[in-house]
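Asks: fold the following.
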Amino acid sequence: MPRLSARDVLAVTAQPVLLLAVAAVFLLTEGRGWDTGRAVLLFQFTVLGYLVLLEFLIPYDRSWQPERREWGWYGVYYVLTAVGGTLGQNLVLYAVGKVARRDPWLPLWAEIPVALLLGSLASYAVHRAGHTYAWLWRLHGVHHVPTKVNAGNNGVNHVLDVVISQGFVQLALALVGFSERTVFAVGLFVVAQGYFVHANVRVRLGLLNHVLSGPEQHRLHHSTDLSEAGHYASDLSVWDRVFGTFTWRPGREPESVGLTDPGSFPDTGAVLATLVHPWRRSVG
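Replies: Next comes the predicted model:
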């Protein structure tokens with residue numbers, strides 16, 4: 001039996017470690033009464049740090065490592081998205097607090113998996129809509145401008161795209177009647193998965209690819225070859241299976257990532273032009 005190297009171990013354990021971290025943060029927050037908003041923020045930065053470290057240890061493509069100027073852009077997008085998203089979602093969060101149940105309608109151990117499935121379905125629907133409807137694509141296409149995929153540019157989004165997608169999922173969970181504790185648990189999972197699928201890491205998830213989304217699938221989603229660019233689920237890949245948008249197979253990798261028509265969007269570094277782009281008239 002061949003001996004496993006440290007990189008082999010990291011490639012196999014990268015996602016399980018992240019999932020264990022999700023469970024640990026949820027249990028600690030519940031048990032110690034931590035503020036959930038602060039817990040999510042700290043968890044987000046911890047996940048990003050973990051994945052950036054993995055990108056150096058087991059990179060998929062070293063040329064996809066962010067340059068210093070790109071980190072600067074990513075920081076600007078992160079701040080804009082965080083500030084704009086928070087302001088835009090105040091009404092959403094208010095509504096969630098009003099309609100979400102404080103006590104689970106199922107035992108918590110059963111409610112969380114059901115919420116994960118339904119939340120993932122809502123996320124799949126709004127993501128696929130962002131690739132289907134022209135005006136929504138003018139928002140979501142901002143995320144597909146970079147010609148590399150890494151944990152840092154997970155945050156390259158138009159503010160309104162974040163408000164629409166996150167708000168849709170949060171309201172869907174709340175209106176069904178899931179408790180605030182369950183919505184918090186799902187939120188932690190979505191944060192972890194959102195960064196993980198964008199990570200520039202060479203992982204081997206094997207059969208897990210048919211249940212959980214991972215970098216192997218999401219790189220195909222960013223492919224310039226639209227015949228393989230399915231994978232609209234960023235958390236549970238089962239919905240791509242159900243709706244026929246699952247294109248991954250072992251060894252399948254995109255030749256290039258980004259836009260099929262790069263001139264249709266401003267460059268990532270042109271932040272102000274990107275923000276007003278959805279309201280500009282299409283050229284031609």
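
Asks: shaky segments in the stretch 51-200 of the chain?
Replies: Along the stretch 51-200 of the chain, the model assigns pLDDT under 70 to residues 83-105.

Asks: so which residues of it form helices?
Replies: 68-88, 90-99, 108-132, 134-140, 159-176, 180-198 (DSSP state H, counting those that start in this stretch).

Asks: looking at those, which is buried most?
Replies: Highest mean neighbour count among the helices of the stretch 51-200 of the chain (mean count of other Cβ atoms under 10 Å): helix 180-198, with a mean of 23. In this view, the C-beta of every residue, glycine as well, is placed from N, C-alpha and C.

Asks: keeping just the C-alphas, turn it into CSV.
Replies: Output of helix 180-198 as CSV, limited to C-alpha atoms (Å, rounded to 0.1, in the frame of the first residue of the first chain):
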residue,chain,number,x,y,z
GLU,A,180,-33.5,31.3,14.6
ARG,A,181,-31.0,28.7,16.0
THR,A,182,-31.4,26.6,12.8
VAL,A,183,-31.1,29.6,10.5
PHE,A,184,-27.8,30.4,12.3
ALA,A,185,-26.5,26.9,11.9
VAL,A,186,-27.4,26.9,8.2
GLY,A,187,-25.7,30.3,7.9
LEU,A,188,-22.4,28.9,9.3
PHE,A,189,-22.5,26.1,6.8
VAL,A,190,-23.1,28.4,3.9
VAL,A,191,-20.3,30.7,4.9
ALA,A,192,-17.8,27.7,5.1
GLN,A,193,-19.0,26.2,1.8
GLY,A,194,-19.0,29.5,0.0
TYR,A,195,-15.3,30.1,0.7
PHE,A,196,-14.4,26.4,0.3
VAL,A,197,-15.8,25.9,-3.2
HIS,A,198,-13.7,28.9,-4.4
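
Asks: which strands and helices lie in contact with that helix?
Replies: Helices and strands touching helix 180-198, by 3 or more Cβ pairs under 8 Å, 6 or more residues apart in numbering; DSSP states H and E, are helix 6-32, helix 36-57, helix 90-99, helix 108-132, helix 159-176, helix 215-221.

Asks: redo that, cut-off 6 Å
Replies: helix 6-32, helix 36-57, helix 108-132 (3 or more Cβ pairs under 6 Å, 6 or more residues apart in numbering; DSSP states H and E).

Asks: list the buried ones in stretch 37-44?
Replies: 39-40, 43-44 (16 or more other Cβ atoms under 10 Å).

Asks: now, which of those sits nearest Val149?
Replies: Nearest to Val149 among these: Gln44, at 18.4 Å, using Cβ to Cβ.

Asks: state the distance from Gly244 to Gly187.
Replies: According to Cβ to Cβ, to the nearest Å, Gly244 stands 28 Å off from Gly187.

Asks: and if you look at Val40?
Replies: Here the distance between Val40 and Gly187 works out to 6 Å (Cβ to Cβ).

Asks: with Thr36 instead?
Replies: Separation of Thr36 from Gly187 (Cβ to Cβ): 8 Å.

Asks: Leu108 too?
Replies: Taken as Cβ to Cβ, the span from Leu108 to Gly187 is 15 Å.

Asks: mind checking the SS state of Thr268?
Replies: Here Thr268 is recorded as coil under DSSP: H, G, I helix; E, B strand; the rest coil.

Asks: the residue lying closest to it once chain neighbours are set aside and Val79: what is the separation?
Replies: Closest residue to Thr268 apart from its sequence neighbours, by Cβ to Cβ, 6 or more residues apart in numbering: Val145 at 5.1 Å. Distance, Val145 to Val79, by Cβ to Cβ: 18 Å.

Asks: go on, Asp240?
Replies: In terms of Cβ to Cβ, Asp240 sits 32 Å off from Val79.

Asks: same check on Val186?
Replies: Applying Cβ to Cβ, the value for Val186 to Val79 is 25 Å.

Asks: what does Gly244 give?
Replies: Applying Cβ to Cβ, the value for Gly244 to Val79 is 38 Å.

Asks: what's the answer for Val126, then?
Replies: Distance from Val126 to Val79, counting by Cβ to Cβ: 23 Å.

Asks: phi, psi for Leu236 please.
Replies: Torsion angles at Leu236 (phi, psi; degrees, to the nearest 10) stand at phi -110, psi 120.
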